[in-house]
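**Q** Kindly return the folded structure for what I paste below:
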Amino acid sequence: MAPTLLVLLGAVAILRADVLPDDFSLLPPVNFTITVTSLAQVLLRWKPNPDQECRGAQLGYHLRIHAPQDDDYEIKYTVRKYEAVLHRGFSASVRTILWERRPSPASHWVSAQLKAPPGSPGTSAVNLTCTTNTAANSHAASRPYRVSLHCAWHAGKEAPPDTQYFLYYRYGSWTEECRQYSQDALKRNVACWFPTTSIDGKGQDALAVRVNGSSPHAAIRPYDRLFALHEIDRVNPPGNVTAEMEGTHLSVRWQKPVSAFPEHCWDYEVRIYSARKGYVQVENTTATTFNTTVSDVSRYCVVVRAAVSFTCREQGAWSAWSRPTGTGKDEQKPWTEWLLVPLSAALCAALVCSLGRRTGHVCTKLFPPVPGPKSDIGDLVGTVNYEKTGSGETESEVISYVDEGPETLEDLVF
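**A** Below you'll find the model as predicted:
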């Protein structure tokens, strides 16, 4: 009965829209305003045109946010919150439409605008990056995990040397200013660390960050940025990775990363490296265990990394790899390899001996033995004759040995 009633009500609404007179016109909303309500957040509000005739028709509104690419919404209400970076200014337009009719006629647009905040060009912070990380929180049972935030940036090229920067973040309705800064060589704040934040470890909301600046010599333009948490979350690696070998059966186990996401929200990648063959086996799983059969005895190294599954959140980056875990034994060399060692040693010894014998004959020929002394010592006795040739400046010495027999032995003086 209820579905039938809904169908009838829808049909009546369509008929009422179709029977509107030809002179029926839609008038644009009035009092359209844009108000900054928080960091990187605005409230858009308008009112129906008081001269608008409804004649039984239900009115709606077509809201268009003017960004680098227009963002369009069709809503029934006259108020809308919107998150956007505001350092470049902000503008939007709205018009009246008929809610029941598609495509619908529409009124003229009305627009509102926020001007960009004051500041000199080139003075705002640049290259702003942020990362989040989850850690266990043993001090609060209601929130067993805490999320830290780290942001870094560079000073603007046109910012005076005495410029000082200050960072704020907003998550949901909570806004907080940084208290732990890191500085560059000019003592300008260029990084910030929040050990604990109000960020929900499983949250879907965007993180808004603003960097303001001040200087006595110039107006420093602020800089805003919105971050999707899944894009900046630095996921922890899996914990307590163990690997065991039983014969050729390899079993790997681990624990889910430290995170607010439960066990069913994780994808894992396992890498197994064989020390003997030098190959890597890569496997993907959603469980916290992995079993495989290996074909050879070897030493294996295992690492695991994790990522939040798309079933629980938009998928982000993989975590770092876990610490390497080793298992298995180095392969024992077969008896044929051990036999080669003494055989090689014996061959080397035989070769050395053979070369030694051959080398001995060659050396004998090249370097004959020194002859022993003659039995007749008189053979060593000689006389020295000197002859001079040439003109007096050039002399040559001629030495001759004469065998004078044993009679001259007593005349030698040593």
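**Q** what residue ranges in the stretch 51-200 of the chain score low on pLDDT?
**A** The model of the stretch 51-200 of the chain has pLDDT under 70 over residues 140-142.
**Q** give me that answer again for 90
**A** Scanning the stretch 51-200 of the chain with the threshold set as pLDDT under 90 gives 52-58, 67-69, 100-104, 137-144.
**Q** what ranges do the strands span in it?
**A** Assigned by DSSP state E, counting those that start in this stretch, the strands in the stretch 51-200 of the chain fall at 59-66, 71-75, 79-83, 90-98, 110-114, 126-136, 145-154, 164-171, 174-177, 181-183, 189-194.
**Q** For D296, which of those strands is the nearest?
**A** strand 126-136 (39.9 Å; C-beta to C-beta). (Glycine included, C-beta is placed from N, CA and C.)
**Q** roughly how far is that closest one from the heart of the chain?
**A** 12 Å (C-alpha atoms, centre = their mean, to the nearest Å).
**Q** Dump it to CSV, restricted to CA.
**A** Taking C-alpha atoms only, strand 126-136 is exported to CSV below (Å, rounded to 0.1, in the frame of the first residue of the first chain):
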residue,chain,number,x,y,z
VAL,A,126,54.7,27.5,-0.8
ASN,A,127,55.0,23.8,-1.3
LEU,A,128,52.9,23.0,1.8
THR,A,129,52.8,19.2,2.5
CYS,A,130,51.3,17.3,5.4
THR,A,131,51.3,13.7,6.6
THR,A,132,49.4,11.9,9.3
ASN,A,133,50.4,8.8,11.3
THR,A,134,48.6,6.7,13.9
ALA,A,135,50.0,5.4,17.2
ALA,A,136,48.7,3.5,20.1
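**Q** for that strand, packing partners?
**A** Judged by 3 or more C-beta pairs under 8 Å, 6 or more residues apart in numbering; DSSP states H and E, strand 126-136 is in contact with strand 145-154, strand 206-214, strand 223-228, helix 229-232.
**Q** Return the list of helices and strands in contact with the last one.
**A** For helix 229-232, the packing partners by 3+ C-beta pairs under 8 Å, 6+ apart come out as strand 126-136, strand 206-214.
**Q** Could you identify which of the ones you listed is most buried?
**A** strand 206-214 (a mean of 22; mean count of other C-beta atoms under 10 Å).
**Q** could you give the angle of that one to strand 223-228?
**A** 160 degrees (axes from the mean of the first three to the mean of the last three C-alpha atoms, to 10 degrees).
**Q** Given strand 206-214, what are its sheet partners and their directions?
**A** Strand 206-214 has the following sheet partners, assigned by DSSP bridges: strand 164-171 (antiparallel), strand 223-228 (antiparallel).
**Q** Reformat those strands as JSON lines; add distance to K47.
**A** JSON lines is the format used below for the strands paired with strand 206-214 (distance: least, C-beta to C-beta, whole Å):
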{"stretch": "strand 164-171", "distance to K47": "28"}
{"stretch": "strand 223-228", "distance to K47": "29"}
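**Q** In JSON lines: those strands, plus distance to R64 and mean neighbour count.
**A** Output for these, formatted as JSON lines (distance: least, C-beta to C-beta, whole Å; neighbours: other C-beta atoms under 10 Å):
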{"stretch": "strand 164-171", "distance to R64": "25", "mean neighbour count": "22"}
{"stretch": "strand 223-228", "distance to R64": "19", "mean neighbour count": "19"}
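**Q** Out of the ones you listed, which is closest to H217?
**A** Across the strands paired with strand 206-214, H217 has its closest neighbour in strand 164-171 (11.9 Å, C-beta to C-beta).
**Q** Mind listing residues that contact the closest one?
**A** 38-41, 125, 130, 149, 151, 153, 155, 175-178, 181, 188-190, 192, 194, 197-200, 203, 205, 207-215, 220 (C-beta atoms under 8 Å, 6 or more residues apart in numbering).
**Q** out of these, which are buried?
**A** 39-41, 125, 130, 149, 151, 153, 155, 176, 178, 181, 188-190, 192, 194, 197-199, 203, 207-213, 215, 220 (16 or more other C-beta atoms under 10 Å).
**Q** Pipe the helices and strands packed on strand 126-136 into TSV and attach distance to A106 per row.
**A** Shown next, in TSV, are those (distance: least, C-beta to C-beta, whole Å):
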stretch	distance to A106
strand 145-154	42
strand 206-214	30
strand 223-228	30
helix 229-232	36
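**Q** nearest to W109, of those?
**A** Here strand 223-228 is closest among the helices and strands packed on strand 126-136 (C-beta to C-beta), at 25.7 Å.
**Q** angle of the closest one against strand 79-83?
**A** Angle, strand 223-228 to strand 79-83, by the same axes, to 10 degrees: 100 degrees.
**Q** So what touches strand 223-228?
**A** In contact with strand 223-228 (C-beta under 8 Å, 6+ apart) are residues 39-40, 83-87, 124-126, 128, 130, 153, 206-211, 314.
**Q** what angle separates that strand from strand 145-154?
**A** Relative orientation of strand 223-228 versus strand 145-154 (the same axes, to 10 degrees): 140 degrees.
**Q** Let's test this: mean pLDDT of strand 223-228, rounded?
**A** Regarding strand 223-228, the rounded mean pLDDT is 97.
**Q** List phi and psi for G119.
**A** G119 adopts backbone torsions of phi 160, psi 150, taken as degrees, to the nearest 10.
**Q** Can you give me every residue that contacts it?
**A** Contacts of G119 (C-beta under 8 Å, 6+ apart): G213, A219, I220, R221, P222.
**Q** who touches the nearest residue to it once chain neighbours are set aside in this structure?
**A** Distances taken as C-beta to C-beta, 6 or more residues apart in numbering put R221 closest to G119, at 2.6 Å, once the chain neighbours are dropped. Contacts were defined as C-beta under 8 Å, 6+ apart; by that measure R221 touches H87, A116, P117, P118, G119, S120, P121, T123, S124, G156, G213.
**Q** repeat that for 6 Å
**A** R221 makes contact with G119, T123, S124, according to C-beta atoms under 6 Å, 6 or more residues apart in numbering.
**Q** what do you get for P257?
**A** P257 neighbours (C-beta under 6 Å, 6+ apart): V235, N236, P238, A306.
**Q** what's the distance between it and W318?
**A** 11 Å (C-beta to C-beta, to the nearest Å).
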